[in-house]
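# build me a model:
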Amino acid sequence: MTPLFLIGFMAAGKSSVGRAVASAAGRRFVDLDDVISQAGEPAAALVARDEPEFRRREAQALADAIAAATDGPVIATGGGAAAHGDNLERMRAAGLVIALGVDVREAERRAAGGPPRPLLGAAATLAARRAPIYRRAHAVVDTTGHSIAEVVSAVQEVERSWQRLPAQQRDATIVALGDRSYPVTVVPGTIDAASIRAALGTPTKIAVITDRNVARAWLKPTLAAVAGPEVVVLEIEPGEASKDFAVYQRLCNELVERGLDRGSAIVALGGGVVGDLAGFVAATLYRGIPFVQIPTTIVAMSDAAIGGKTAVDLPAGKNLVGAFWQPRMVACGLATLSTLPGRERRAGFGELWKYALLDGRDLWKAVASCAAWAAGPDDAPPPAAMRDVIERSIAYKAAIVGRDEREQTGHRALLNLGHTIGHAIESASAGGLLHGEAVGLGLIAACRISSQVAGARPELADEVSEALGSSGLPTDLDRWLVDDVLARVQVDKKRIGANLRFIVVREVGSCEVTEIGVTEVRRILRPDPTA
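Have a look, this model is predicted:
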């Protein structure tokens, strides 16, 4: 059995949860702070007196624990262990790493009156700096508002999901949703057949839903990967226009006619349109059947295929009818990016820049390092750094979805950064703009609005515009700020009365949800020159 490492911010419950997980399974438990304290000085006192020395001893204690981990222990680390040196990389190489998430205020409440914590005074700043690092764990399990028993169960389900993966796929990200937890894998080539078959189980029939363009390049290897029972293939026309009720109804009718039943499964092979549509079919046919996502675009790999949002469009706007229905697995093969048309490749960077704004400067720099490829020749192969960019984006979304699957706490709303104005522009363009292109314009709009309502630097909008331009995306926001677009903002599904739930950007890596009046959005984006 491989070791289980628990990382996360102070007072997240690593020791309590770790002991309970170990006790339930009869495994050995190791608390690194206790190991360090055995030398004679409590860990907290050593941190206060000489933090560099504490980090040195911590790294050594971790190395010793990994070397002795042949019996698969549960190892709880200190709050800063994963953020120093190569500790996180060594833990991931040795076993499963789960980050326990906690709101800063909850951490401060839990820590009050307890043992001394020298770094508690800078909790908010420290938590913000470490958050991107914690998200690089295999999974993030939220603890805020949950009992120890609930967290223990969630950790156990993540471990089960991880253990079902073939050994070569255990660098996957796990979306932590209890007994519905599932892996998101990223491989340099095409999809891993063993992982797909394990996720599908033993369905009576499999339906592969794809579009005609994707089918020409990737249907054959997909059919080889899902080989087993009878496989039905249904193709749709590429493009957003296929996400409507007529296509949805046709697919459902054909699947019933072809003999799929409640024991069958669906494979969504394609970009965001295919994933949304096939997922909605899976969510509603026979009141729900299993499905697997095999995304073939940057937008789908980094965003659309993850998190269980499925939908079709209405004339009034995008994704207004849909359901939450989680896949059994998301399998990303980066080789599929080699056949993306240049425009779709560039459009994918609209979502990647969104994740860079959400996650922080490290991801921003990583996306920037790949921007020249996006803007370059259509036949240029993706740079090796794209794998890291996509994996970091996946990790961010997985952490958010695990915390707020159905947008009930407000955390998942962060993923709508740039989408309020972006969706309105996309709908008004009537197919003239791709989703990622419109989202990029929405990011510029969000930064403009943020400078007036959230104190963001006025030049941030120009920096975002320059970044978008470097990857070949359109930046001409003003030409889209017409009555039709601003009217569509009023029917955004995130509207609450006269207000919108809007994502503001204070700085790269610092975004938050706020409410803003619809009329205020119009005033900021298209001010009255006579006022």
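# right, and the helix or strand after the helix or strand bottoming out on mean pLDDT in the chain?
The weakest-scoring helix or strand in the chain, judged by mean pLDDT, DSSP states H and E, is strand 495-496 (a mean of 68). Using DSSP states H and E, the next helix or strand after strand 495-496 towards the C-terminus is strand 499-507.
# measure Asp483 to Gln490 for me?
11 Å (CB to CB, to the nearest Å). The C-beta positions use only the backbone N, C-alpha and C, and glycine is treated the same way.
# er, Gly271 I mean
28 Å.
# ok, Asp483 and Gln490, which is more surrounded?
Gln490 (15 against 10; other CB atoms under 10 Å).
# just give the closest residue to that one, not the sequence neighbours.
Val518 (5.4 Å; CB to CB, 6 or more residues apart in numbering).
# could you report the neighbour count for that neighbour?
19.
# same question, Leu32
Neighbours of Leu32 (other CB under 10 Å): 24.
# now swap in Gly432 and tell me
So Gly432, with other CB under 10 Å, has 11 neighbours.
# wasn't it part of a helix?
No. Gly432 is assigned coil when assessed by DSSP: H, G, I helix; E, B strand; the rest coil, not a helix.
# list the contacts of the residue nearest to Gln490.
489-490, 495, 498-500 (CB atoms under 8 Å, 6 or more residues apart in numbering).
# so which of those comes closest to Gly308?
Set against Gly308, the nearest of the contacts of Val518 by CB to CB is Arg495 (22.2 Å).
# now the strands for the stretch 201-350 of the chain?
205-211, 230-236, 265-270, 291-295, 309-314, 317-324, 330-333 (DSSP state E, counting those that start in this stretch).
# what's the least confident stretch among those strands?
Mean pLDDT per stretch puts strand 317-324 lowest among the strands of the stretch 201-350 of the chain, at a mean of 90.
# next, the angle from that one to strand 309-314.
140 degrees (axes from the mean of the first three to the mean of the last three CA atoms, to 10 degrees).
# what's in contact with strand 317-324?
By CB under 8 Å, 6+ apart, strand 317-324 touches 240, 243, 245, 276, 280, 283-284, 308-314, 405-406, 423-424, 426-427, 488, 491-493.
# find the nearest non-adjacent residue to Thr297, please.
Gly271 (3.8 Å).
# surely the one you found and Ala304 touch.
Yes. Between Gly271 and Ala304 there is a contact under CB atoms under 8 Å: 7.3 Å.
# okay, and the common contacts of the two?
Pro295.
# these two: who's more crowded?
Gly271 (30 against 25).
# nearest to Ala398, of the strands of the stretch 201-350 of the chain?
Closest among those, once you apply CB to CB, is strand 330-333, at 9.5 Å.
# which other helices and strands does the one helix or strand Glu391 maps to contact?
For Glu391, the host element (DSSP H and E) is helix 385-403. Secondary-structure packing of helix 385-403 (3 or more CB pairs under 8 Å, 6 or more residues apart in numbering; DSSP states H and E): strand 96-101, strand 139-142, strand 173-175, strand 182-187, helix 342-359, helix 361-375.
# give the other helices and strands that the following helix or strand past it contacts.
Next helix or strand after helix 385-403 toward the C-terminus (DSSP H and E): helix 419-429. With contacts taken as 3+ CB pairs under 8 Å, 6+ apart, helix 419-429 sits against strand 317-324, helix 435-453, helix 483-489, strand 499-507, helix 518-525.
# reformat these as a markdown table; add distance to Val401.
A markdown table is the format used below for the helices and strands packed on helix 419-429 (distance: least, CB to CB, whole Å):
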| stretch | distance to Val401 |
| --- | --- |
| strand 317-324 | 10 |
| helix 435-453 | 18 |
| helix 483-489 | 25 |
| strand 499-507 | 16 |
| helix 518-525 | 27 |
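# which one, of these, ends up nearest to Ala384?
helix 435-453 (21.8 Å).
# show me what the closest one packs onto, helices and strands only.
Helix 435-453 packs on helix 298-299, helix 342-359, helix 419-429, helix 460-470, strand 499-507, strand 510-517, helix 518-525, going by 3+ CB pairs under 8 Å, 6+ apart.
# how many residues are close by the closest residue to Ser37 other than its chain neighbours?
Spatial nearest neighbour of Ser37, chain neighbours left out: Ala43 (5.1 Å); criterion: CB to CB, 6+ apart. Per other CB under 10 Å, the neighbour tally for Ala43 reads 23.
# with the one 3 residues further on instead?
Around Leu46 sit 21 other residues, with neighbours defined as other CB under 10 Å.
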